[in-house]
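Peer 1: pasted the sequence and its predicted model underneath.
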Amino acid sequence: MTRKSRDGSEGRHTIRDVAARAGVSASTVSRVLGGAYPVSAATRSRVMRAVRELDYVADARAKAVAGVGTPTLAFVLDDITGPSFAHMAHGVEREASRLGHLCLVCSTDGDPEHQLDFIEMMRAQRTKAVILVGGTGDTPENRDRMARIADLLASAGSRLVLCGRPPLAPGTPVTVIEYDNEGGAHALCSHVLAQGHRRILFLGGEADNATARGRERGYRTAHQARGLEPDPALIMSGDFTRASGHRLMREALARGLEFTAVMAATDMVAAGALTALHEAGLRVPDGVSLAGYDDIPFARDLYPPLTTVHVPHEELGRLAVRTVLGRSPGDPDEHLLLGTHVVVRASVAAPRS
């Protein structure tokens, strides 16, 4: 169905119609609307009056091809419902908006083909940057794949930003912004050890996940710093979900593993473990101490409130935007590391003698 404009004509007006009404060329109309070139005040006034009279609306796709209009950033993550991802996305969106950029968000559900399709779409539309967030399999194949993506984006005037992902080969046109997974886990495990615990169950993530590996390294190095070697039977792998924490905790109890504390790779894993402990009649921290990682908002609302590692997720997102907007697409690699800290609450106490 067509609509009538104010002058009674049907259909959508084109840039040529605006030019004819204003008595200028179509390229002059483009300059006025794009704001990319200086135009006299009188000419700008005539063009904008014609735009209003004709109810002209610029085609966003045409503006993207022309390289004008609102610049965009793309934020790509596996699961937008994850609390830490959501806070990072909030930081990206708020900072992008503050700096006059549109933020597009894509949730891939962990599908690498979906991710590639979206990145290709953003490359074709010349988005300013593509920000990939979250842990991934740290394999040579994945590193090569990310390096190829970085090169393709740079060739189109865009920039790849990796948040919470491992750096790539030196010289790759990529910005890496991550937080100290290993350092945070080391500090947290050291705190639990300092309470007198010596058998600490570690509920980790997938074996090839870079984030999970960093947190497991911190668990191990904290033991080694005290001349201890953790029992391999106490290191269990799953994923970063509540369901995984519940399942692993039930499995550990069913196997009769002896432990006085639990260190979970994420707060979501800790929440699942807490439920399993309650179901088994074990109280936290009187029977078993429990610690998490991420400091997502509900961690303080668990009973008892969860001792955890604070990760500045929102600031990570904001920093990603500020950093990439200050770089040229072809600039060499850049690696920024944010610190973390332990938040002590009521879920960790000295073991019963």
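Peer 2: That came through, no problem. Residues are numbered from 1 along each chain as shown.
Peer 1: from now on I want contacts and neighbour counts done on CA atoms only, so please keep to that.
Peer 2: Will do.
Peer 1: go ahead and confirm residue 80 touches residue 90.
Peer 2: No - using C-alpha atoms under 8 Å, residue 80 is not in contact with residue 90; the gap is 10.6 Å.
Peer 1: can you tell me which helix or strand residue 50 belongs to?
Peer 2: helix 41-54 (DSSP states H and E).
Peer 1: from the chain's centroid, how far away is that helix?
Peer 2: 42 Å (C-alpha atoms, centre = their mean, to the nearest Å).
Peer 1: and that helix, which residues are buried?
Peer 2: 43-44, 46-48, 50-51, 54 (16 or more other C-alpha atoms under 10 Å).
Peer 1: same check on stretch 201-214?
Peer 2: Per 16+ other C-alpha under 10 Å, stretch 201-214 contains these buried residues: 201-207, 209-214.
Peer 1: may I ask which helix or strand of this protein has the lowest mean pLDDT?
Peer 2: Least confident helix or strand, the chain: helix 60-66 with a mean of 47, by mean pLDDT, DSSP states H and E.
Peer 1: after it, next one along is what?
Peer 2: Using DSSP H and E, the helix or strand that follows helix 60-66 towards the C-terminus is strand 72-77.
Peer 1: model confidence over that following strand, on average?
Peer 2: In this model, strand 72-77 has a mean pLDDT of 90.
Peer 1: how about stretch 231-248?
Peer 2: Here the average pLDDT along stretch 231-248 is 97.
Peer 1: span of it from start to end?
Peer 2: Start-to-end span of stretch 231-248 (C-alpha to C-alpha, to the nearest Å) is 16 Å.
Peer 1: and the contacts of that stretch?
Peer 2: 199-207, 257, 259, 264-266, 268-276 (C-alpha atoms under 8 Å, 6 or more residues apart in numbering).
Peer 1: now, the most widely separated pair of the buried residues of stretch 201-214?
Peer 2: Greatest spacing in the buried residues of stretch 201-214, by C-alpha to C-alpha: 201 and 210 (20.0 Å).
Peer 1: surely residue 292 is in contact with residue 274?
Peer 2: No - counting by C-alpha under 8 Å, residue 292 does not reach residue 274; the two are 10.4 Å apart.
Peer 1: ok, the closest residue to residue 72 other than its chain neighbours - contacts?
Peer 2: Once flanking residues are discounted, residue 72 sits nearest to residue 102: 4.5 Å by C-alpha to C-alpha, 6 or more residues apart in numbering. Contacts here follow C-alpha under 8 Å, 6+ apart; on that basis residue 102 touches 70-73, 93, 96.
Peer 1: coming back round to it: out of the contacts of stretch 231-248, list just those in strands.
Peer 2: 200-204, 264 (DSSP state E).
Peer 1: what's the closest of those residues to residue 249?
Peer 2: residue 203 (8.0 Å).
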